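J.: Need the 3D shape of this:
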Amino acid sequence: MNDIRARKQNVMKRRKRQASRRGVALLMVLGAITVLTVFLTELQQETSAGFAAALADRDAMQAEYLAKSAVNLSRLLIASEPQIRTSIPLPLPFKQLPVWEFTDVALGPFNDEAGMSSFAGMLSVDASTGKGLGLTNGRFEVKIVDEDSKININRASPVNDVDLERQLVSLMQGPQNAPLFEGRDLDDQFSDMNAICGAMTDWADQDESLSTCYVGSQAQAAAGAEDNFYQMIGLEYRRKNAAYDSLEELRLVRGMGDDFWSTFVNPNPDDPKARVLTVWGQKAININSANPQILLSAACSVCSGGIGAAGSSATQGIALCTDPLIQAQFLSLLGILRTFPIPIFSKPADFPNLLKTGNIGGPAGALIGPMLAPLLAQAGLPCGLTAGANKQFTVTSRVFSIYADGVVPGRKRTTRVRIHAVVDTRASNPLTGAGPNSLNQGASSGSSGSSGDPNAVDPIALLNSSPMGRLVYYRIE
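T.: Next up, the predicted model:
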């Protein structure tokens, strides 16, 4: 009996030990599963983050190169303007066709399917038969802005330009803008219209003379030496006394607040074509591409007696420069004229002639003369012109801003990269041959292959001057 009892006790002890071991094993298994779960979760998160970062870098690079392609195609389109204009089988009275206004259609075959369809629909062609055209994994959006249609504040460098002061005063004067100069500015100072205008030109000119933009009878009395105003109001820099490098640099000028910026510099940040001022471009304003606000400012700046010191007699007699209602009508009419698909003015003197006589002559004059005559009479025009008024305008543009966006759609996000490039074509040779800088001047020029032929092409000069213009500003956002 004792043996049987002992055996039973041994069996019971073994069973308890086995049960105890099974609990430990279960805990070990659960612990291992927990550790593996945490490890795998961490590994998955790191892998997913790395993969997402790789996709983002890939899409960003692809979007950047799409934008670069759009910039190069836009430069080619601008350089092709003479060939496009001369290929039209009609006698055209103007010297430049604004091909940059039709980038969506002209560059459609090189864009996505929607761009190709728009191009094909306009020309009634089948774009699907073309080779090497179209994009499949992205698209680009491009706007070309004519910088010669803006007021160039770099005209103050190296020597201040009184015509620039006239244009700036014309832009800012008017009772509707008076509230902007009545309160304290961004630097907590009281700055009137002439002080802000003078600060803008003093930043760029290279002299030490203080400018206050008094272009009337008080001009000489207001002149003086530039002071240390920037240090007096606590700013850590002085006037640059050199040309603006970018439009954003204008924000460093004293008194330049957001209200002034949104009124006189860039009224619509989403539309670069609405910008009023520029730091690039020629001295003259392209009257065919300038927006109505700039043309209004130009009209008041060249009409003698149209501008001057605030409150002076120089602002009297021309309602166009002082009456907001007349200005609104003038801007509305100019806006209607801008809807014409071809330029209105064929030569730079047409706009001053319109202000002086009420007519520009030619087919365009016969078209718009009857519309403008009543308004010009109501606005106090015709007017006398300032000296050199014709030199303030042009009908050809040579400097352009290209805003190119590369867009790559994704599953959860869309990657967008913008490039802002400014192209100066003033020293460029045409695509079809030698320009004024590329003619071989004979054996005295020292170039190889010289035969004395004045029409021979100098290949060295061609290499030194790109037909697609020179990049003077380039920024990737």
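J.: Tell me where the stretch 301-450 of the chain has strands.
T.: For the stretch 301-450 of the chain, applying DSSP state E, counting those that start in this stretch gives strands covering 393-394, 399-409, 414-424.
J.: Mind checking these for the one nearest to Val265?
T.: strand 399-409 (14.2 Å; CB to CB). C-beta here means a position set from N, CA and C on the backbone, and glycine is covered the same way.
J.: Flag every buried residue along the closest one.
T.: 399-408 (16 or more other CB atoms under 10 Å).
J.: Also stretch 262-277?
T.: Across stretch 262-277, burial judged by 16+ other CB under 10 Å covers 263-266, 272-273, 275-277.
J.: out of the residues you listed, which one sits closest to Thr357?
T.: Val276 (27.6 Å).
J.: So which elements touch the longest helix that the chain contains?
T.: Under DSSP state H, the helix in the chain containing the largest number of residues is helix 2-79. Under the contact criterion of 3 or more CB pairs under 8 Å, 6 or more residues apart in numbering; DSSP states H and E, helix 2-79 touches helix 103-106, strand 139-146, strand 399-409, strand 414-424.
J.: Determine how far that helix lies from the middle of the whole chain.
T.: Distance of helix 2-79 from the chain centroid (CA atoms, centre = their mean, to the nearest Å) equals 49 Å.
J.: angle of it against strand 414-424?
T.: Relative orientation of helix 2-79 versus strand 414-424 (axes from the mean of the first three to the mean of the last three CA atoms, to 10 degrees): 30 degrees.
J.: and after helix 2-79, which helix or strand comes next?
T.: Per DSSP states H and E, the first helix or strand lying C-terminal to helix 2-79 is helix 81-86.
J.: now that next one, how far from the chain's geometric center?
T.: For helix 81-86, the distance to the chain centre is 24 Å (CA atoms, centre = their mean).
J.: please renumber so the chain begins at 38
T.: Understood, numbering begins at 38; the last thing we discussed is helix 118-123.
J.: which of the residues in it are buried?
T.: The neighbour-count check on helix 118-123 (16+ other CB under 10 Å) flags Glu118 as buried.
J.: Please spell out the segments of this structure that come in under the pLDDT threshold.
T.: 38-39, 53-61, 127, 164, 252-264, 341-354, 378, 398-406, 468-502 (pLDDT under 70).
J.: That one - how does it break down into domains?
T.: 120-173, 185-431 (automatic domain parsing).
J.: Export these as TSV, with columns for distance to Met98.
T.: Converted to TSV, the domains of the chain look like this (distance: least, CB to CB, whole Å):
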stretch	distance to Met98
domain 120-173	15
domain 185-431	25
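J.: among these, which is the most enclosed?
T.: Among the domains of the chain, ranked by average contacts under mean count of other CB atoms under 10 Å, first place goes to domain 185-431 (a mean of 18).
J.: Quick one: end-to-end distance for that domain.
T.: The straight-line separation of the ends of domain 185-431 (CA to CA, to the nearest Å) is 9 Å.
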